[in-house]
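Undergrad: Give the three-dimensional model of this entry:
(one chain, ligands or ions: 1)
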Amino acid sequence: MQAATSCDLKFRSTDPTSRNKCFSHAIPKRVAVTCGYRSESFSFPNGVSVSRSDWQSSCAILSSKVASVENPGGLADKIAAVNGHTNGSVNLGLVAVESTNGKLAPAQPLTITDLSPAPLHGSSLRVAYQGVPGAYSEAAAGKAYPNCDAIPCDQFDVAFQAVELWIADRAVLPVENSLGGSIHRNYDLLLRHRLHIVGEVQIPVHHCLLALPGVRTDCVSRVISHPQALAQTEHSLDVLTPHAAREAFHDTAAAAEYISANDLHDTAAVASARAAELYNLQILADGIQDDPGNVTRFLMLAREPIIPRTDRPFKTSIVFAAQEHKGTSVLFKVLSAFAFRDISLTKIESRPHHNRPLRVVGDGSFGTSKNFEYMFYVDFEASMAEPRAQNALAEVQEYTSFLRVLGSYPMDMTPWSMTSTEDA
Ligand SMILES: O=C(O)C(=O)C[C@]1(C(=O)O)C=C[C@@H](O)C=C1
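TA: This next block holds a predicted model:
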């Protein structure tokens, strides 16, 4: 186990009566020891060395392929193609894994079960989310993992770190809303961190306008809430509080908590009905989202991937960077790799390529132009256990300088009921 280093994280008290109490822990940073990994990278007899998270992705794809491949001989080459281990096939044979009793277990091929053990603490699953009790993200955590121990975090980034530092077992984070669009911060964090998407939940978001008891709507001169919530209620607020200033706040429930904690009679919050209960506020207006079908999609993140299956509808999320000098219409070629295999795409998002934001184009004879360089996120409706998905990614690999499978996971097929978040 590597040396412990301290790491300062900010978590919020789970006690809803805490008035903006936010405490920080100096959490000793530990490398994952559940499976007794001695290091964050593995070397194989043939000299190929892979990072732990690449290994996990390989295991996930390997496990999915065991169910579907006829000629095991092609297995390692296919994995090599998708995971970029171009120097020879990856020997997935023997890896010594230290068992929990300290003795080296006999070398056995790792399975996802080895990589994703049940939480050691034995109690309910600890799920990190951004916000305070009453936030929609808390409701999403409860839908994703009923009876979980929901851990409020100050920032999206802290929720990622909580999982990486084994303080939480999962994280549930919003990535897009049907009215407000993508939550770009979390797309960037998916790339920066090495967690795996293991599921999704879609939450109908039912916004309310909350204020202290006795406050009338025409006395409200300021409305505070999460930027996404303000975007989702823009027209309603134009009608309800046309002269009130709108201010972004940490999250919807924290806005409600702030009004209550500071006894603000001129301020209202856009938040859930549950936040009204938790922070003793009245509901001035109910269901103020501009579209009754207002839905936010949340992703469930874990340290290890799940084994993709074909027994239920699955979705796969990837991120890639187009390969320079691969000629024109690279994006078209990438998308056609799915289209020609009858794989539907449900999302494309482009985000600045932080390591290569600009590319100078032109030989100088007519001057030079600068292209913005992007990372592309794509969600498609297929499981990595399906050969068509594996072959599509193997083709995409030809056009990309970087390709990562963020996760292959069950689609959220639960019917939407608007009542489900009235008590969110
Ligand atoms: O502030 C909250 O309550 C959150 O859960 C965050 C969040 C978001 O980030 O989009 C989640 C769902 C809603 O779309 C509004 C806000």
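
Undergrad: Tell me which stretches of the stretch 301-424 of the chain form helices.
TA: Remark: helices assigned in the stretch 301-424 of the chain by DSSP state H, counting those that start in this stretch are 330-339, 387-399.

Undergrad: And for the stretch 101-250 of the chain?
TA: Under DSSP H, counting those that start in this stretch, the stretch 101-250 of the chain gives helices at 112-115, 136-144, 156-164, 184-192, 227-232, 234-240.

Undergrad: Tell me which of those helices sits most buried.
TA: helix 136-144 (a mean of 26; mean count of other CB atoms under 10 Å). (Each C-beta comes from the backbone N, C-alpha and C, glycine too.)

Undergrad: which other residues reach that one?
TA: 127, 129-132, 148, 150, 152, 170, 172-174, 199, 201, 203, 205, 251-253, 272, 274, 296, 298, 300, 414, 420-421, 424 (CB atoms under 8 Å, 6 or more residues apart in numbering).

Undergrad: Can you say which of these are buried?
TA: Listed as buried from the contacts of helix 136-144 are 127, 129-132, 148, 150, 152, 170, 172-174, 199, 201, 203, 205, 251-253, 272, 274, 296, 298, 300, 421, 424; burial here means 16 or more other CB atoms under 10 Å.

Undergrad: Among those residues, which ones lie close to the ligand?
TA: 131, 174, 205, 251, 252, 253, 296 (CB under 6 Å from any ligand atom).

Undergrad: Let's have those in CSV, adding pLDDT.
TA: Formatted as CSV, these follow (pLDDT from 0 to 100):
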residue, pLDDT
131, 93
174, 96
205, 94
251, 91
252, 95
253, 96
296, 95
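
Undergrad: Could you figure out how far the longest strand along the chain is turned away from helix 330-339?
TA: In the chain, assigned by DSSP state E, the strand with the most residues is strand 400-410. Between strand 400-410 and helix 330-339, the angle comes out at 30 degrees (axes from the mean of the first three to the mean of the last three CA atoms, to 10 degrees).

Undergrad: about what we covered before: of the contacts of helix 136-144, which belong to strands?
TA: Counting by DSSP E, those contribute 127, 129-130, 150, 152, 170, 172-174, 199, 201, 203, 296, 298, 300 to strands.

Undergrad: Most widely separated two among those residues?
TA: The most widely separated members of these, counting by CB to CB, are 152 and 199 (20.2 Å).

Undergrad: hmm, back to that, export the helices of the stretch 301-424 of the chain to TSV and append columns for mean neighbour count.
TA: As requested, the helices of the stretch 301-424 of the chain are arranged in TSV below (neighbours: other CB atoms under 10 Å):
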stretch	mean neighbour count
helix 330-339	18
helix 387-399	20
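
Undergrad: Tell me the residues of this protein that contact the ligand?
TA: 131, 135-137, 174, 177, 183, 205, 226, 228-229, 251-253, 296.

Undergrad: out of those residues, who's nearest residue 267?
TA: residue 252 (13.7 Å).

Undergrad: Let me know whether that closest one touches residue 130 as I believe.
TA: No. Look at residue 252 against residue 130 with CB atoms under 8 Å: they stay out of range, at 10.9 Å.

Undergrad: residue contacts, the residue lying closest to residue 177 once chain neighbours are set aside?
TA: Of all residues not flanking residue 177 in the chain, residue 296 sits nearest, at 4.5 Å (CB to CB, 6 or more residues apart in numbering). The contact partners of residue 296, by CB under 8 Å, 6+ apart, come to 136, 140, 174, 176, 177, 178, 202, 203, 205, 228.

Undergrad: how does it look with 10 Å?
TA: 136-137, 139-140, 174-180, 183, 201-205, 228-229, 232, 421 (CB atoms under 10 Å, 6 or more residues apart in numbering).

Undergrad: Just give the number of residues close to residue 354.
TA: Using other CB atoms under 10 Å, residue 354 is surrounded by 11 other residues.

Undergrad: which stretches of the stretch 1-150 of the chain have low pLDDT?
TA: 1-123 (pLDDT under 70).

Undergrad: closest to residue 265 among the ones in strands among the contacts of helix 136-144?
TA: residue 152 (26.6 Å).

Undergrad: quick one, what contacts the residue lying closest to residue 344 once chain neighbours are set aside?
TA: Computed as CB to CB, 6+ apart, the closest residue to residue 344 that is not its neighbour in sequence is residue 381, at 4.6 Å. Residues near residue 381 by CB under 10 Å, 6+ apart: 313, 314, 315, 316, 338, 343, 344, 345, 346, 389, 411.

Undergrad: Dihedrals phi and psi, residue 381?
TA: phi -90, psi 80 (degrees, to the nearest 10).

Undergrad: List the residues that are in contact with both of residue 252 and residue 130.
TA: By CB under 10 Å, 6+ apart, the residues touching both residue 252 and residue 130 are 137, 226.

Undergrad: Direction-wise, compare the longest strand of the chain with helix 184-192 and give the angle.
TA: 110 degrees.

Undergrad: Could I get the buried residue list for strand 400-410?
TA: 400, 402, 403, 404, 405, 406, 407, 408, 409, 410.

Undergrad: right, and the second one touches residue 320 too?
TA: In other words, residue 402. Yes. Under the criterion of CB atoms under 10 Å, residue 402 makes contact with residue 320 at 6.0 Å.

Undergrad: Mind listing the shared neighbours of those two?
TA: Contacts common to residue 402 and residue 320, judged by CB under 10 Å, 6+ apart, are residue 375.

Undergrad: Can you pull the domain assignment for the chain?
TA: 123-204, 207-293, 306-410 (the TED database).

Undergrad: Among these, show the one with the smallest mean pLDDT.
TA: Here the domains of the chain differ in mean pLDDT, and the lowest is domain 306-410 at a mean of 88.

Undergrad: distance between the ends of it?
TA: End-to-end span of domain 306-410 (CA to CA, to the nearest Å): 10 Å.

Undergrad: OK, contacts around residue 242?
TA: Residue 242 touches residue 218, counting by CB under 10 Å, 6+ apart.

Undergrad: where's it relative to residue 236, distance?
TA: Counting by CB to CB, to the nearest Å, the gap from residue 242 to residue 236 is 11 Å.

Undergrad: Likewise for residue 202?
TA: 22 Å.
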